[in-house]
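J.: Pasting the sequence and the predicted model now:
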Amino acid sequence: MNKDKEVQVLVRMTADMAAQLDEYRRLADGIPSRPEAVRRIVSEFLQNRGQS
């Protein structure tokens, strides 16, 4: 997979999950946007699984 090419991924979530995401954002450095917060969470998850 070409790591330089960006791919758009749309995600639907419950209002409760969005609220939890916003709480994560408030605690993160620099209050990232929702898309950036999702990227960080996914990246951390994949690194913890040894897949990144």
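T.: Structure's in. What do you need?

J.: And the residue nearest the centre of the chain?
T.: Val38 (1.2 Å; C-alpha atoms, centre = their mean).

J.: Sketch out the low-pLDDT regions of this protein for me.
T.: For the chain, applying pLDDT under 70 flags the ranges 1-2, 51-52.

J.: Name the residues of the helix of greatest length in it that are buried.
T.: Ranked by residue count and defined by DSSP state H, the top helix of the chain is helix 34-48. Buried positions in helix 34-48, judged by neighbour count with 16 or more other C-beta atoms under 10 Å: 37-38. To be clear about C-beta, it is placed using only N, CA and C from the backbone, and glycine gets the same treatment.

J.: repeat for stretch 21-31
T.: Applying 16+ other C-beta under 10 Å to stretch 21-31 flags 21, 25 as buried.

J.: Outside of the longest helix of the chain itself, list whatever touches it.
T.: The contact list for helix 34-48 (C-beta atoms under 8 Å, 6 or more residues apart in numbering) reads 11, 18, 21-22, 24-25, 28, 32, 52.
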